[in-house]
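Asks: Okay, structure incoming, though there's no sequence with it:
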């Protein structure tokens, strides 16, 4: 019969092959992550031993059973989101009740870390910390940080002298080295390392997470 001798349309064959290739590619990306990289959810992170020094910036009762170490940058938009949302709830519901203490370790630019430590000398760390986050878009040079000190009524002379001497440069550089070391020990993929990064009694938590995620880990450890 005439129908038995009919040859397949070559265009249909090409289309079918292309569809199969696309399906195979999509499955590979779903399984392994975009461009072959594993997503953070599929990566087995490791709990690490964390230590708190007397030079750390701490908020909360020293005897609180849970410590949350935060590596962050004042110029990081995701850090600002955590600051405005989950952090305040953690402060209200856990820190003020003596269950959690926050350990803050600023990441680069180093000058911002130096500035908050200089403000801490005058017992105005939180005031400067909050003001710096609110006005981070105005930071273009070191002198801007000195203007911020003036705006919140710090002793300008003492603050400027502290900044110009770079007395805390070594401290903030150590925080950066410690943070990168902690992320490496926790086996966090290189493309996931950044700010904010948290260690809750040594358990890593990557990125700006919801308050509920913090509650889940905190309650488990309590």
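Replies: It's in. Computed from a prediction, not measured in an experiment: that's the story for all the values here.

Asks: Residue 102 - that's part of a helix, no?
Replies: No: checked against DSSP: H, G, I helix; E, B strand; the rest coil, residue 102 lies outside a helix; its state is strand.

Asks: Can you tell me how far the most centrally placed residue in the chain is from residue 58?
Replies: Using Cα atoms, centre = their mean, the residue of the chain that lies closest to the mean C-alpha position is residue 196, 0.8 Å off. Using Cβ to Cβ, to the nearest Å, one gets 17 Å for the distance from residue 196 to residue 58. In short, each C-beta sits where N, CA and C put it, glycine included.

Asks: Neighbours of residue 156, how many?
Replies: Neighbour count for residue 156, taken as other Cβ atoms under 10 Å: 12.

Asks: same question, residue 162
Replies: The burial count for residue 162: 22, using other Cβ under 10 Å.

Asks: show me the contacts for it.
Replies: Applying Cβ atoms under 8 Å, 6 or more residues apart in numbering to residue 162 gives the contacts 114, 117-118, 121, 168.

Asks: domains of the protein?
Replies: The chain breaks down into these domains under automatic domain parsing: 2-37, 57-221.

Asks: hang on, the residue nearest to the centre of the chain packs against residue 204?
Replies: No: using Cβ atoms under 8 Å, residue 196 is not in contact with residue 204; the gap is 11.6 Å.

Asks: Deepest in the core, which of the domains of the chain is it.
Replies: When those are scored by mean count of other Cβ atoms under 10 Å, the highest mean neighbour count falls to domain 57-221 (a mean of 17).

Asks: Centre of the chain to that domain, how far?
Replies: For domain 57-221, the separation from the chain centroid amounts to 9 Å (computed by Cα atoms, centre = their mean, to the nearest Å).

Asks: Span of that domain from start to end?
Replies: Using Cα to Cα, to the nearest Å, the end-to-end distance of domain 57-221 comes out at 22 Å.

Asks: picking up where we left off before, tell me the two of the contacts of residue 162 that are most distant?
Replies: 114 and 121 (11.0 Å; Cβ to Cβ).

Asks: got the residue ranges for the strands in this protein?
Replies: Counting by DSSP state E, the chain has strands at residues 57-59, 66-72, 100-106, 197-200, 203-206.

Asks: Please convert those strands to JSON lines, extending it with distance to residue 88 and mean pLDDT.
Replies: Compiled in JSON lines, the strands of the chain are given as follows (distance: least, Cβ to Cβ, whole Å; pLDDT from 0 to 100):
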{"stretch": "strand 57-59", "distance to residue 88": "12", "mean pLDDT": "96"}
{"stretch": "strand 66-72", "distance to residue 88": "13", "mean pLDDT": "98"}
{"stretch": "strand 100-106", "distance to residue 88": "11", "mean pLDDT": "98"}
{"stretch": "strand 197-200", "distance to residue 88": "15", "mean pLDDT": "98"}
{"stretch": "strand 203-206", "distance to residue 88": "17", "mean pLDDT": "97"}
